[in-house]
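>>> sequence unavailable; structure follows:
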C-alpha cells in the first residue's frame, strides 16, 4: 500500500514546479555541470522511517550542509567551551562580514560561514586520522552506508579555492587556525565533497532531531548537549544573512549547501532534506527554500507552533483494592517534564488522595527530566508524612535511585505484582 | 498541600541570590528609585495554573516587554503584510544600529528595538480610542484584572524622553510613522508604563505559549498566525544584540524590560516571567537572565530540546466484533500532525487491516493539521477501494467535512454508538 | 576694459551648459520652487577683487555652506579643545552614519554633517543675542552688506524639519546638545536660511583663504588657527561620503548647500562659489561640482599642485660701499618660511660674506614664521662672532624684538638710511 | 658654517626625547630586533638640499612608505583610469575594513591599505623584469644610490606573511589580482624590504613635492598628474583610520611604515622623513608622529596655512623710451597662475596704459598655466585693438606659440634687444 505521506511529498514537488528562477552555482566548475531541473525531497521521522519523492537517489555534494556535523564533531572532541574560544555563535548580519573576523573577539562570527567552518575543521582532532577521513566515517555512521568523496568535485573546488585559501590565511594570521592554511582548506574541501542523496541527508537531520541518536542503529552519535548547541546555531546562523526572515517564514533550524541542498530539523520530530540546484542571491536553493516553507506550513513544523501542549503525564487516576487496602493509582505516561508533570502535581495538591495506599504506575514513562525527579521526590515526602504508603511501579527504572526528600526509599513493584495484588477498580 | 513546583521556584531565587552585579537603570529617574534587591519569578502553564516565588505581588512597569503585545495588536489590526511593509524582522546586530533605519529598506530593523516599537505603536488603529487605551484593555484581557498606568513613571519617562522623541522624528522624516512624533512617543510611553506583577506577565506569556488563547478565559486574543510571528521575532530579536548567545544558552523566545523584567515563552507549554532590577550592559536584568537560564536548563525549556517526540497519534489498535463483523479499531489521540500521524500511516501501510470494518476512533483527538486531513483522506480512499467499510468516530467534528479522494463520505458514529455496537475486544 | 578673468568665468558657465541632470531638492518645499536653470560662478582673490559670471546677483539660501562659519564661531567662542570635546573631525564614511553618533566617542563625527552642525550651533554663545542673530552679524561682516533671512525658507524648513528635530533630540539624549532641541533646530534653520549671492559667498570663502582676515575691510574675523581648523575639516569632511574622490579630482576644501551652492577655498589664494540648483545623489550641485572641477583644473587650484615653490626669500645679493666700508647686502622678499629662507641660509653657509658689513634688507618682507626668526637669530650670532657688523633694514618691524642667540641686538636702519649711506653697488 | 636648519632638526629630536611610549612591531620578527631608541629626521627642499639630524645614516626597511611609489608606477604603466578600475581612493574608515573589499565596487578601498597595495603591486608591468626589480630601480633613481633589499627582512616577512597571503587570495577570488597570490605577496614583500635612510626617504618625498621631478638629477620620474593623484590619496588615506585627525593636526600628505618611518610632503616645497621604531595602536611611529606635528607647526607646513599668497606676477611697472616711443613696461615674475596674474589684469583693466608701446617682460617667468595663457591672449587682443603695439620679451619661450584671440602674433624681443632699444626709465 502506497503511503499518503509519499503522495504528499509528490505534491510538494508538483506545487513548486513553476519555480525555475535562480541559477546553478558557477563558483565551482564541477557543480555548474549539474542538470538544473533535478529535484528531490526526503523526510525522516525520529524513528527512522524515511519518505521521499523526486530524484531522491541522485547523489550531490553535501557542501555547507556538512558544517553542522563538523561543528558537532569539534565539540565532541574538545568540549563546547574550548570550541567557543575559537568560533562565535552570532549571526553575521551581513554577507560581507564573512570576510572579516569579529571586531571585538577576533574570532569568526559563527561556524556556519566559511571562515568559521574552516576554523572548525581545523579544530577536529587529527592525531590518528585526517579530519576529513573522520568526517567520512561520521557521515557513514549517520547514513548507514559507505559515504564517498567525489574527487572531481574536490579537484574543481581546489582549483577555484582562492577565497577559502584567503580566509584560511587570514584565520592563521589571527591565530585562529590549528592547521596550516592549505591543509585546512584541502581538508575542508574534502569535508564538503562527500556525495549524498536527500535520503541520506534526511537521516542525518533526523539524528539531530532525535537528540543525537541515529534513529535506526540507536547509536548515540552526539551528546544531547552537543546536538542542542548545533541546532541552536543552525537556527541563528544557518541561512546566512536573512535569519529573521527564515525564522518567521520557515521557523526551523536549517542549513543549505551550494550544490542545491537544504536540510532542516524539527527537534524531537523530523529531519527533512530538499534538493534543487538553482540558487537565489543568498546562495540558497530557490525552489528548495519554497519546498521547505511548504513543508513547514503543511506539516506544522514551525518551532513556534510545533511545540504543541505535551500530553499530560497523568494518563488516568483510579482507585482499586490493593492487598485489601483502598488505593489511589496514578497512571503516568510520556516524558516527565515540568509542564507535563504539572497536571499530576496540580491534581494531588488540590485533590489529595484519601486512600492509605498511593501507587504511581510509571510503566508508560519515557524520559524523566531532573526537575520532574525533584518534584516527585517532594511529592513523595509529603504523602509519606501524611501517613500514606507510596508504591512505585517503575519497570524502566526511570526512578532507579529514587528517595524522598528525607532520604527514604519508596516501595517498588513490577507491573505484574501490581496486577496480581489488585482486585477490582 | 504545598506545590513542589513552588519549592523549585524558591530554589531558583535562592540559587541566584549571589548575583548582585549590574545596576538599576538610571535612564528614567522614577525607575532608579526601586529597591534593587526585589526579586520574583512566576510560571504559568498553558492551562493557566500559575506558580510563583519571591516578590511576585510587586508591581513594576512592563516597559519593553510590552513590545511583543503591541506588535501582535498591530498585526491583528492591519494584517502581517502591511506591518512588514513598515517594520522589518531582522536582528539589529549592533546596539548602535538602533538609531538608524535599515540602509536598504529605510524601515526600522525590527519591532523589538525602540525605533521599531515606536513605529509599531503608530500602526495601532486609534480611530475610536487611543492606542494606549486599547493596549491597557488588551493587558487587562490577558491578565484578567484591571491593569493601570503609573502616571509618575509616564511623567518621568516623558521628562527623560529625548531619545524616543529623536527616534520618532527620524521615523517621521523617513515617512515611517503614522502619528505625529510627540503623540507617538506619548502613547508609547503609556504603553510601557503599565504596572505588572510577574504573575501577570507569566500569564501574558502563557497566552503566547498557548497559541494566542488566554488559558483561563479561553478567549482567543491573537490568531495562531499572529502568535507565531510574534514568537519568531522574539526568538530572533528579543534579547538585543546577543541573539546567538541567548539562543544557544537559554533557547526560548524572550523579551526584557528596562525595569528589570524578562518574559519567556516555550510554545505550547509554558510562559515564564522573572524580575530583578539590576541590569547588565545590554540592558537586560542580570539576575533575571540567570534565572531564565536555570529555568531553561532545569525545566527542559530549550527549544532545541523541548520539542520531544510528540506522542504517537496511534493510541491503540484492537480488533472487536462490531455488528457481528470483524473490525479493526484504531484509537487516535492528540494533535494530528504529520509526525504524529505517521505512526498510524506506517502501521496501516505495512500491516494492512484484515477485517472488513475499519474504525477510526477520534474521540481523543485535539487539533488536525491540513496535511493530516489529506493523509487521512488518502488512507480512506485506499481502504474503501480495497473493500473495507470505513467508520469515523469523531465527536469533536475534527473531520467535519471529510471526504475521501474520490469525494466519498465515510460513515460516522458517535462514541456511544461505537460502544453499543461493539461486543468483545 | 573687460577683464579676461570674467571671460574665463563666462566660459566655465558655457562649457557646463549641457549638464542638466540631477534634480532640485524637494526636501524643503520652498527650495523646490527655484528656476533649475539658474547658474552663477564667482571668484574672489585674497585681495578682495571679485569676478563673477551668470546669475551672480541671484540670492539663494546659504544652507550647509553656513556650517564652516558656524564652526569657526564656536571655536572662537570656546577654543578648539572644548569644541573637539563635543564634535569630532573624522569623515563619516557612509551617508547613513549621519544618523548616528560615533560608536566610541558618542559625539557627532564632524561638524559638516547635520548632527554635528546642530551640535555646533548649540555651542555658539547666546548670552547676549541668539546664535542666529550673531551669525547674521558675522555674515554681514564677511560680505560687507546687511545679510537677511528669508522667512519663507525658515517656515518651509521648520515645516519639513522632522529629520533635524530627530537628530537634535538624539543629541540631547546623548548629552551632546547645549540647547533644548526645538530651539537648536529653530536657530540652525535660521543659520541656513540667510540669503546670499555667489559674490557674497566668494568673499566669505576668500576670508578663509586669507587666513581669517576679510580682504577688503582688513578686519580679522577668525584667528589663523581657527581658519586652519575649519579648512582642514572642510577638506576631510566637506563633500559628504566621497572625500577621496573630491580630494583627487578637485582637491580643495569645499562645502556644498542643498540650495545648489558650493564654496571652495584655495588657502592663501582664492575663494570661489558656484550655484546651480540641480543636485546629484550625494546632495551636491551636479553642474556646480563640474564647475568646481574645471576651476580647479584650469586655475591650478588643486592643493597638491597649487603650492608651487614659494619664491626664494633671497631676492638679490649685491655688494656696495656703505659708510666707506665694503658691505654685502642681502635683499629679502615675501614670507620667511623655512622653505623660503632656506635659499638664504644655503647661500650664506656655503658662500660666507667676505665684507665686514652684512646688511639684511627686509623692506619687502611679509610674514615671518617662528622657525625663520630662530634661523635668522642663529645666522646673526654666527656672523657677529665671525666679526661682521650686522644691520637690519626692517621698516615693517617683522623682526621687532630681534636679538641674536647671545641676546645681542643688531643695528637697525630705515630704508632711507640705507639709501643715504650707500654709494655704488 | 653650521646650518641653523640642522640646529632646528636637532631641537626636534631633543624636544621629543621623552616620548618612549608605543612598542616596536612584533608582527615581523626581523623588525622586532631593532634598537627602539634609534631616531632620525631629514628634510629635503625641492631644490634637493637635504638637512638631517639623529641616526640619519641608519638603514631600515621602507615598508608601507613604498606604497605611494608603487601606486605611482602602476599609474604610469597603465594610466589613472585603468588603475582606478582596480583600486579605489576612499579612506577605509575602520581598521577592520582593511580585510574586506568595498561592498559596492568589490575593489580594495585605496592603495594605502595592504589589500590595495597588493593589488597595486600586481598591476605593475612585469613583462621584462619583475615588479620588485623595477621598484628597486625606481628607488635608486629617486635616491641617487643603489638601493638594496634586506633578504633577512624578506625571509622574516614571508615566514609571517599569512595575513598578506590571505588578502591576496581574497583579491584573487574577487578577480582583483593580476598575479597569482604567492607571487604577488612575494613581490610585495620585496617592495617593502628595501633599505632606506631618512635622507633617502626625504629625497623621495621631495620628488613628490617637486611635482615628480627628482630635485638633483632633474629627471622627471612621475608626471605632474600622477604626482597629484599620489599626493591626494596620501592626504585622504595615508595615515589609516584617523584621516581627519591627521589632516587637522599635521595637515600634509603622509605615509607611515611599520618599521617606524613616516614620510610627509608639502607640495611645491619640502619632503620630510622621520624615524623612530615604537608604534602607536594605529601602527604609526609614536615619536615620529609627534616629530611630524612639530615640523608642521614650526615650519608652517600645514596645507591649510602653507599656501600663502603667491607673489604677484607683476614685479614692476615702469615707463621708458623705447625706440623713441613712450612705452609702458610690465615686468612679470614667477608662475603665471590665475591668482598671480590677477594683479596684472587688475592693473591693466583699471589703469590702462597710455603709451603707444606695451612691453611685457617675461624674463623672470617660471611656469604658465593654461588659464594665464588665455588671459594674456585676451589682454593682448584688447590692447592691440586699442591701437597699442605689444611686445613680448620671452626668452624661456613660455609663450612660444602665442597669438591673440584674433590669431595675431605679437612682436618678440630678446632681453638684450629690450635693453638695447631702451633709453631712460
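Cool, the structure landed. As the structure is a computational prediction, the values presented were derived from the model and not from experiment.
>>> only C-alpha atoms from now on, for both contacts and neighbour counts.
Noted.
>>> wait, doesn't residue A:50 sit right on residue A:42?
Yes. Between residue A:50 and residue A:42 there is a contact under C-alpha atoms under 8 Å: 6.9 Å.
>>> list residues touching both of those two?
A:199, A:202 (C-alpha atoms under 8 Å, 6 or more residues apart in numbering or on different chains).
>>> neighbour-wise, which of these two wins?
Shown here are residue A:50 and residue A:42; by other C-alpha atoms under 10 Å in any protein chain shown, residue A:42 has more neighbours (26 against 19).
>>> thought that one was touching residue A:263?
No. Using C-alpha under 8 Å, residue A:42 is not in contact with residue A:263; the gap is 9.5 Å.
>>> list residues touching both of these two?
In contact with both residue A:42 and residue A:263: A:202, A:272-274, using C-alpha under 8 Å, 6+ apart.
>>> tell me the one of the residues you listed nearest chain B?
Nearest to chain B, judged by C-alpha to the nearest C-alpha, of those is residue A:272 at 11.6 Å.
>>> shouldn't that closest one be within a strand?
Yes. Looking at residue A:272 with DSSP: H, G, I helix; E, B strand; the rest coil, it is inside a strand.
>>> tell me if I'm right that it and residue A:264 touch.
Yes. The criterion here is C-alpha under 8 Å, and residue A:272 meets it with residue A:264 at 5.2 Å.
>>> so what sits against both of these two?
residue A:205.
>>> I'd like to know how many residues surround residue A:412.
17.
>>> how about the one 5 residues further on?
Neighbouring residues of residue A:417 were enumerated by other C-alpha under 10 Å; the total is 11.
>>> which one is residue A:290 nearest to, not counting chain neighbours?
residue A:16 (7.2 Å; C-alpha to C-alpha, 6 or more residues apart in numbering or on different chains).
>>> phi, psi for that neighbour please.
Backbone torsions for residue A:16, taken as degrees, to the nearest 10, come to phi -110, psi 10.
>>> residue A:272 and residue A:264 - which one has more neighbours?
More crowded of residue A:272 and residue A:264, by other C-alpha under 10 Å: residue A:264, with 33 against 29.
>>> what helix or strand is the more buried one on?
In this assignment (DSSP states H and E), residue A:264 forms part of strand A:261-266.
>>> average pLDDT across that strand?
The predicted model gives strand A:261-266 an average pLDDT of 95.
>>> which helices and strands does it pack with?
When contacts are defined as 3 or more C-alpha pairs under 8 Å, 6 or more residues apart in numbering or on different chains; DSSP states H and E, strand A:261-266 packs onto helix A:198-209, strand A:254-256, strand A:270-275, helix A:286-299.
>>> mean pLDDT for these: which is lowest?
Among the helices and strands packed on strand A:261-266, helix A:286-299 scores lowest, with a mean of 91.
>>> tell me which other helices or strands the helix or strand following that one touches.
Counting by DSSP H and E, the next helix or strand C-terminal to helix A:286-299 is helix A:303-306. Contact here means 3+ C-alpha pairs under 8 Å, 6+ apart; on that basis helix A:303-306 packs against helix B:224-237.
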